[in-house]
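Undergrad: give me the fold of what follows.
(chains A and B)
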Protein chains: 2
Amino acid sequence: MKCSKCGGMAVINLRQHRLRLCADHFVEWFATMTQRTIDTYSMFTPTDKVLVAVSGGKDSLSLWDVLLELGYQAQGLYIGLGIDEKIGYSDQSLDMCRRFLADRHPGAVLHVVDVTSEYGQTIPALARTRRRGLGKPCAVCGLVKRHIMNRVARDGGFAAIATGHNLDDEAAVLMQNTLHWQTGYLARQAPVLEERDGLARKVKPFVRIYEREAAAYALVCGIEYIYDECPFAKGSTTNFYKDLLNQLELNSPGAKQQFYLQFLRVRDSGQIALADAEKAEMHPCRRCGQPTTAGELCAFCRLWE
Amino acid sequence: MKCSKCGGMAVINLRQHRLRLCADHFVEWFATMTQRTIDTYSMFTPTDKVLVAVSGGKDSLSLWDVLLELGYQAQGLYIGLGIDEKIGYSDQSLDMCRRFLADRHPGAVLHVVDVTSEYGQTIPALARTRRRGLGKPCAVCGLVKRHIMNRVARDGGFAAIATGHNLDDEAAVLMQNTLHWQTGYLARQAPVLEERDGLARKVKPFVRIYEREAAAYALVCGIEYIYDECPFAKGSTTNFYKDLLNQLELNSPGAKQQFYLQFLRVRDSGQIALADAEKAEMHPCRRCGQPTTAGELCAFCRLWE
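TA: Numbers count the residues shown, from 1 in each chain, chains lettered A, B, ... in the order given. Model (predicted):
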């Protein structure tokens, strides 16, 4: 298999782009694609400070790496969730982030927030005591992460929080929302969520990058990452939809990409108009000051009552 | 497994409805569901003459049967396509329709139009000579069937053409249109296509019936049908989408139904608005008088030039 650009030995076949690339040209392509996505959706500029949410996995570390390589002011945020599940998941994840720094970007800044030492309980323990999520801590985990990301982004004056959500992630969510025709969710799913009422701006520079490409980038660049996905993600509906989409992709290369990008196009051009529920008014939480639609205390602060 | 209604031995488990039914109660449920669909979408009334397009398969024979049982003035239309493919597909299909009449409804009327004797060529031969459809005659076949159905419906003064499209068929088409976000097709896909400009009304009374339910109805009622699907349908994209949807259904009973029916609901309630291309003006074909958007001759008449 030869590189479409230089004729050297290709390491990856991007069937949906009809491109086969060698290691060097793949890294170049990957950076260009990310840059183009940042520009297309006006995500941020080189003068902006960007907070990259890193988990130690391939997507977030590849994202942080490519942003730094492209010259962006990207700082990392690692949130220690206290997930062990007999594989020391959270400890391993932090270790990967530290190794990444030491090996690739010794000068970069990593913010670490440890939920247990800061709030007194691990996420799984918290989910158990609050009896939320039917045995899975995912709902509580999402709530806690959103709160902490928002706090660090606002306190640090970051222009945006960047997450490593890739095209497979976004297409799976789109499939879930489409199969249920949840028009409110369909109206809001986007590569950029603008700042509003004290909620920091959120951007997804990898919405045009396939999951396997983010993994390949890490591999080619020698970035070590945690291979295990979160033990609680096993059997998730997201993974089920990803499997379905991969069958589609196998049958017709580019199907995943077309499904997601064409959705954005028809929605943004007005060919499809979606009724969105009125946004509830937000006010600051009495305890933490973060925006909430609930009563005096936000959902995060109520968790610890 | 016990019948949810009478406690007798159940023959089918309708997981999406949380119902297990014995043979008698299933037949009753099937007729009620069909009747409810006809009423919900105002498809036709007992005083209307309805033309049922029958192929000899489970869907169309079950449809014809249940419409007659419900007391509708349902006449059949069989179109002989001349498909042999070493299994005598078309001959077998007609044979099934004739047996159905003899066994179940000796007094019912079946119109038979044989493409070869009427126009001089089988569908596969015609597709080959016209070099349409990349080796598959499906596009030509659809065109010919639509033309003939419309002609017989108009000449016979039928209020509607009823086809046996079931929920699996409709959900597969919806999935295809959604994956490509074809807003024009999405705007028009419906259980009823109203009459316009000389195009007869078309209705699909089985849009709430699963494929396996139509098969079970035929089985329980002792209706013999052709088991083979059309030899040219093998490996079709529709079948691929049906497989995907069946995986979804297995994972979450009712998923197929929700996908399709919820789509109709959000579209008809205006929660999702789809841009439809302007309908091209139609005029009668100079030769056959049927409506066409093309020049002097319609696509059907040009086929035989």
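Undergrad: output the contacting helices and strands for the worst-scoring helix or strand of chain A on mean pLDDT.
TA: None of the helices or strands of chain A scores lower by mean pLDDT, DSSP states H and E than helix A:123-130, at a mean of 87. Applying 3 or more CB pairs under 8 Å, 6 or more residues apart in numbering or on different chains; DSSP states H and E, one finds that helix A:123-130 contacts helix A:138-155. For every residue, glycine as well, the C-beta is placed using N, CA and C.
Undergrad: what about the helix it packs on, distance to the chain center?
TA: Distance, stretch centre to chain centre, for helix A:138-155: 13 Å (CA atoms, centre = their mean, to the nearest Å).
Undergrad: pairing partners for the helix or strand following it, with directions?
TA: Note on helix A:138-155: by DSSP states H and E, the next helix or strand toward the C-terminus is strand A:160-162. Paired neighbours of strand A:160-162 in the sheet (DSSP bridges): strand A:49-54 (parallel), strand A:202-203 (parallel).
Undergrad: report how many residues lie close to residue A:113.
TA: Residues near residue A:113, counting by other CB atoms under 10 Å in any protein chain shown, number 18.
Undergrad: name the element it belongs to?
TA: Taking DSSP H and E as the criterion, residue A:113 maps to strand A:110-114.
Undergrad: now the following helix or strand past that strand: buried residues?
TA: Using DSSP H and E, the next helix or strand after strand A:110-114 towards the C-terminus is helix A:115-119. Using 16 or more other CB atoms under 10 Å in any protein chain shown as the test for burial, helix A:115-119 gives A:115, A:119.
Undergrad: please state the offset of helix A:115-119 from the chain centre?
TA: Distance of helix A:115-119 from its chain centroid, counting by CA atoms, centre = their mean, is 23 Å.
Undergrad: now it: mean pLDDT?
TA: Across helix A:115-119, pLDDT averages out at 92.
Undergrad: is it true that residue A:238 touches residue A:176?
TA: Yes - with contacts counted by CB atoms under 8 Å, residue A:238 reaches residue A:176, the gap being 7.3 Å.
Undergrad: tell me the phi and psi of residue A:19?
TA: When read as degrees, to the nearest 10, the backbone of residue A:19 gives phi -130, psi 140.
Undergrad: so what's residue A:165 closest to, chain neighbours aside?
TA: Leaving aside its chain neighbours, residue A:165 sits nearest to residue A:204 (4.5 Å; criterion: CB to CB, 6 or more residues apart in numbering or on different chains).
Undergrad: near chain B, which residues of the stretch 51-200 of chain A are found?
TA: With CB under 8 Å from any CB of the partner chain as the criterion, the stretch 51-200 of chain A comes near chain B at residues A:178, A:179, A:180, A:181, A:183, A:186.
Undergrad: make a markdown table out of those residues and add secondary structure and pLDDT.
TA: A markdown table is the format used below for those (DSSP: H, G, I helix; E, B strand; the rest coil; pLDDT from 0 to 100):
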| residue | secondary structure | pLDDT |
| --- | --- | --- |
| A:178 | helix | 97 |
| A:179 | helix | 97 |
| A:180 | coil | 96 |
| A:181 | coil | 96 |
| A:183 | helix | 93 |
| A:186 | helix | 95 |
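Undergrad: now for those, which pair is the farthest apart?
TA: Taking CB to CB as the measure, these span a maximum distance of 12.9 Å, between A:179 and A:183.
Undergrad: brilliant, that's me finished.
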